[in-house]
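Asks: Test case, fold it:
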Amino acid sequence: MNRLPGFVTGVHSADGIHLLQVSVGEHHCTTLTLGDAAPAGVGQQVVLGFRELDVALACDFVGDISIRNILPCRVTEVTLGALLARVALRCGQLRFHALITRQSALRLQLAPDMAVSALIKSHAMLLLQGGADD
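Replies: Down below sits the predicted model:
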């Protein structure tokens with residue numbers, strides 16, 4: 001599981017749904033949680049977690065999209081398997097991975113130092129309590 005440390009910068013709640021804005025390095029991410037009360041407050045340090053399979057990659061991304069988490073990245077490594085490709089990414093000082101189909105990696109012509117956008121839906125961003133060691 002990918003993990004990104006950050007600080008909560010905003011909380012918007014209605015009807016048991018909570019959208020938390022989290023500052024991750026110089027970028028902003030959003031996570032969606034459910035429950036009676038927001039699981040974290042403004043200023044609280046948190047860790048966002050998301051699966052490698054929940055990361056989509058785009059080259060030359062321009063325009064609007066409903067996905068709220070769009071992180072500009074550089075590819076650091078591409079490992080091609082028989083069906084899937086594991087793509088190592090760097091976003092500033094942050095590092096994480098995407099797992100996409102081999103065909104997609106070849107179609108995008110992914111290579112080290114290539115600029116891509118990592119796209120992660122808000123509901124796929126999990127709020128991990130207690131820090132990076134949980």
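Asks: Read off the pLDDT value for the residue nearest to the spatial centre of the chain.
Replies: Centroid check for the chain by C-alpha atoms, centre = their mean gives residue 120 as the closest residue, at 4.8 Å. Looking at residue 120, its pLDDT is 98.
Asks: The helix or strand containing residue 11 pairs with which strands?
Replies: Element membership of residue 11 [criterion: DSSP states H and E] is strand 2-14. Each strand paired with strand 2-14, and its direction, by DSSP bridges: strand 17-24 (antiparallel), strand 45-50 (antiparallel).
Asks: Report the distance from the last one to the chain centre.
Replies: Using C-alpha atoms, centre = their mean, to the nearest Å, the distance from the centre of strand 45-50 to the centre of the chain it belongs to is 10 Å.
Asks: neighbouring contacts of that strand?
Replies: Residues from elsewhere that reach strand 45-50 (C-beta atoms under 8 Å, 6 or more residues apart in numbering): 1-8, 20, 22, 24, 29, 31, 40, 120, 124-129, 131-132, 134. Every C-beta, even on glycine, is put in place using the N, C-alpha and C of the backbone.
Asks: rerun at 6 Å
Replies: 1-5, 7-8, 22, 29, 31, 40, 120, 124-128, 131-132 (C-beta atoms under 6 Å, 6 or more residues apart in numbering).
Asks: Just the buried positions in it, please.
Replies: 46, 47, 48, 49, 50 (16 or more other C-beta atoms under 10 Å).
Asks: And the first one, by the same measure?
Replies: Of the residues in strand 17-24, those with enough neighbours to count as buried (16+ other C-beta under 10 Å) are 18, 19, 20, 21, 22, 24.
Asks: Need those residues in a markdown table (columns: pLDDT and distance to residue 61).
Replies: Listed next are those as a markdown table, based on pLDDT from 0 to 100; distance: C-beta to C-beta, whole Å:
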| residue | pLDDT | distance to residue 61 |
| --- | --- | --- |
| 18 | 95 | 27 |
| 19 | 95 | 22 |
| 20 | 95 | 24 |
| 21 | 96 | 21 |
| 22 | 96 | 21 |
| 24 | 95 | 18 |
